[in-house]
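# What follows is a protein structure lacking sequence information:
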């Protein structure tokens, strides 16, 4: 199976990964594995911009709205399930397409998961107390001091993520980022990484346009239907959590939409930072990607 190819299409949100992945999969007569960790859930039809029903009918997709938020899929379980599907696809195809912007989930397929040391409940509880009493700023400052590399690359506005990274730093006495350089698992396929990107202003324009369309299609109503999950990691997804201030009459609807756009732009920036660590990746503009990629698989 070592002559089999996994073609990963990554890039910031709204760049056009879905369209390109579908065209590649159709041309190469293969299937698509999604590594967008929010498109897994069938309750999140608007805010995660999954492929449309028409797009889904063109190519077989895996991990697109195939489960409920009530049975969340963590990265470890995702890795195990997706690798099994990939090997099954590659039994009959030379190529398989991996697409999505969730960097940790992509890493789990491309390289395997890193083996992080266990952390204690005592440390996690102390960090949670800091968050509850002093806010996320205090945790961010601590992380910046203890592990600047992780501070630059993780979602520092996600307090659960920050607490997880800090707990590893504190209990191990080592930087969380130091565990990311360990030798990865050997895969029975060759991975080629293609990252879509273009001028920042164009990415931001696409993001703003997408958010406006989401709102028009009923994003607020979808977010309200998921409010019962407000304490879960999943509800922290950009496009959902921002509505709470509007419902509490703290923010106007216009300001709420602006906040969603701003947070989405920040998320795109973090994604680009993450993808820059892929030293062997090929960076392409969306309008040139299909032709340049297909040249390698004829």
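That came in fine, so what should we check first? Model, not experiment: these values are computed from the prediction.

# Who are the packing partners of the biggest helix by length in the chain?
When the chain is scanned for its longest helix (criterion: DSSP state H), the result is helix 253-275. Helix 253-275 sits against helix 103-110, helix 148-153, helix 200-216, helix 243-247, with contacts defined as 3 or more Cβ pairs under 8 Å, 6 or more residues apart in numbering; DSSP states H and E. All C-beta atoms are positioned from the backbone trio N, CA, C, and that covers glycine.

# partners of the following helix or strand past that helix, with directions?
Per DSSP states H and E, the first helix or strand lying C-terminal to helix 253-275 is strand 282-284. According to DSSP bridges, strand 282-284 forms sheet pairs with strand 190-196 (parallel).

# The strand it pairs with: which residues count as buried?
Neighbour counts over strand 190-196 (16 or more other Cβ atoms under 10 Å) mark 191-196 as buried.

# what's near enough to touch residue 125?
Contact analysis of residue 125 by Cβ atoms under 8 Å, 6 or more residues apart in numbering lists nothing.

# That one should be in a helix, yeah?
Yes. Counting by DSSP: H, G, I helix; E, B strand; the rest coil, residue 125 is found in a helix.

# measure it to residue 227 for me?
Distance, residue 125 to residue 227, using Cβ to Cβ, to the nearest Å: 26 Å.

# same check, this time on residue 205
Taken as Cβ to Cβ, the span from residue 205 to residue 227 is 30 Å.

# next one: residue 291
Relative to residue 227, and taking Cβ to Cβ, residue 291 is found at 45 Å.

# Spit out the contact partners of the residue nearest to residue 189 when sequence neighbours are not counted.
Distance criterion Cβ to Cβ, 6 or more residues apart in numbering; nearest residue to residue 189, sequence neighbours excluded, is residue 4 at 4.4 Å. Neighbour list for residue 4: 90, 93-96, 188-190 [criterion: Cβ under 8 Å, 6+ apart].

# Repeat the analysis, applying 6 Å as the threshold.
By Cβ atoms under 6 Å, 6 or more residues apart in numbering, the residues touching residue 4 are 90, 94, 189.

# Between these, which sits nearest residue 10?
residue 189 (16.7 Å; Cβ to Cβ).

# just checking, residue 102 touches residue 38?
No. Between residue 102 and residue 38 there is no contact under Cβ atoms under 6 Å: 7.6 Å.

# which one of residue 291 and residue 227 has more residues nearby?
Set side by side, residue 291 and residue 227 show more neighbours around residue 227, with 12 against 9, by other Cβ atoms under 10 Å.

# Select only the buried ones of the contacts of residue 4 in PyMOL?
Here is the PyMOL command that selects the buried residues among these (16+ other Cβ under 10 Å):
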select buried, resi 90+189
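
# Which of the contacts of residue 4 fall in helices?
Using DSSP H, the contacts of residue 4 in helices are residue 90.

# my read: residue 195 touches residue 277, true?
No. In this structure, residue 195 is not within contact of residue 277 by Cβ under 6 Å, at 10.8 Å.

# Name all residues that make contact with the residue positioned nearest the centre of the chain.
Residue closest to the mean C-alpha point of the chain, counted by Cα atoms, centre = their mean, is residue 102 at 1.7 Å. By Cβ under 6 Å, 6+ apart, the contact list for residue 102 reads 35-37.

# what do you get for residue 113?
residue 79.

# May I have the phi/psi pair for residue 34?
Backbone geometry at residue 34, expressed as degrees, to the nearest 10, gives phi -90, psi 140.

# Tell me what it is bridged to.
Assigned bridge partners for residue 34, using DSSP bridges, are residue 99.

# how deep is the closest residue to residue 285 other than its chain neighbours tucked in, by neighbour count?
Using Cβ to Cβ, 6+ apart and skipping residues adjacent in sequence, the residue nearest residue 285 is residue 198, 5.1 Å away. Counted with other Cβ under 10 Å, the neighbours of residue 198 add up to 17.

# which element is residue 83 on?
Assigned by DSSP H and E, residue 83 belongs to helix 75-90.
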